[in-house]
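A.B. asks: Can you look at this prediction? I've put the sequence above it.
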Amino acid sequence: MVIVVFEGVQSLDLTGPLEVFDGAGQHPAARAHGGYAISVAAAGPGPLRTSSGLTITPDTTLAEVRGPIDTLVVAGGDGVYPAIGRPELVAEVRRLARSARRVTSVCSGAFLLAEAGLLDGRRATTHWARCAAFAARYPAVTVEPDPIFVRDGNVATSAGVTAGMDLALALVEDDLGRDVALIIARMLVLFLRRPGNQSQFSAQLSAQLADRDEIRDLQRWVLDHPGSNCSVDALATRAGMSPRHLARVFTEQVGVTPARYVEQTRIEHARRRLEESTDPVESIAAQCGFGTAETMRRAFLRALGIPPAEYRRRFQAAVA
């Protein structure tokens, strides 16, 4: 395994996946197959400063890496922008990718993969704040801004920072099985192991906080009362507005419609209930304001790509 770094790399983009793979490599199931031999490589020799000021010393240079590679990981960080302007570095990433069984990136490391032409015609993601710039620079790439990681063939890209650990855990599961991946998640005290199609955003993060007091108070009320009547009419009455006026002002202030905000909030509450309780899906649907299990199932499929029962199967085991 080779992890590519550069001056100004985000330290957690390197150390997060490294800790996952190193921990998995200590498991007997991994040692029986030789474990993970991890090498951190940069364009040149000598120490590098990360974006946070931490100094790291790579194991080797990219030019010195020869032979087949099992997994190529390209880290991200603010230093990626000068990095993509270095043709020799981009060429080395392209060369290493040709000999790799699978190619991955963390956060803005996707820029290096795209600059090397490795994402042309593929689906990919990166940190949500960089997706627009990424799509504009690389129109041959289909950018998916919402998932925490995206796999397309043998190439996988992940969203910001800790999403690289989620991707690493998914790769460990591919290699060594679900039980080992869950053991590593517990050892690293990760709350849960998220699938790639889980959103980068919570309801609070994906919707901006309103400037107007009455809309901001309404947002907080919905977050605290997802099981209550949150129809536009009911919310308009609570805010002292007409339904049409509320819909217009809410969308302007929050960036999503009231109905969309309510659904995001209910999904978030339902996810927590599915992770933390053994309550029946029908009961959770009622508690979180969906009314019926079928309504909640459709909302989960729209937002997460999996039904509630499958979400619970994946994540309740991880929490346990």
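C.D. replies: Arrived safely.

A.B. asks: Let me know how buried the residue nearest to Gly46 when sequence neighbours are not counted is, in neighbour terms.
C.D. replies: Nearest non-adjacent residue to Gly46, counting by C-beta to C-beta, 6 or more residues apart in numbering: Thr57, 7.3 Å away. Any C-beta I mention is one placed from the backbone N, CA and C, and that applies to glycine too. Using other C-beta atoms under 10 Å, Thr57 has 10 neighbouring residues.

A.B. asks: swap in Asp120?
C.D. replies: Number of residues near Asp120 (other C-beta under 10 Å) recorded here: 13.

A.B. asks: Looks to me like it is in a helix.
C.D. replies: No. Asp120 is assigned coil when assessed by DSSP: H, G, I helix; E, B strand; the rest coil, not a helix.

A.B. asks: ok, which stretches of the stretch 101-250 of the chain are helices?
C.D. replies: With DSSP state H, counting those that start in this stretch as the criterion, the stretch 101-250 of the chain has helices at 109-115, 131-137, 163-176, 178-187, 203-206, 213-224, 232-239, 243-254.

A.B. asks: Please work out the angle formed by the directions of the last one and helix 232-239.
C.D. replies: Compare the direction of helix 243-254 with that of helix 232-239 by axes from the mean of the first three to the mean of the last three C-alpha atoms, to 10 degrees and you get 80 degrees.

A.B. asks: Pull out the buried residues from helix 243-254.
C.D. replies: Pro243, Leu246, Ala247, Val249, Phe250, Gln253, Val254 (16 or more other C-beta atoms under 10 Å).

A.B. asks: For Gly291, see how far away the fifth one is.
C.D. replies: In other words, Phe250. Phe250 sits 22 Å away from Gly291, going by C-beta to C-beta, to the nearest Å.

A.B. asks: quick one: Asp224 and Thr265, what's the gap?
C.D. replies: 10 Å.

A.B. asks: More neighbours: these two, which one.
C.D. replies: Neighbour count, other C-beta under 10 Å: between Asp224 and Thr265, Thr265 has more, with 23 against 9.

A.B. asks: that's a strand at that one, yeah?
C.D. replies: No. Per three-state DSSP, Thr265 lies outside any strand segment and is helix.
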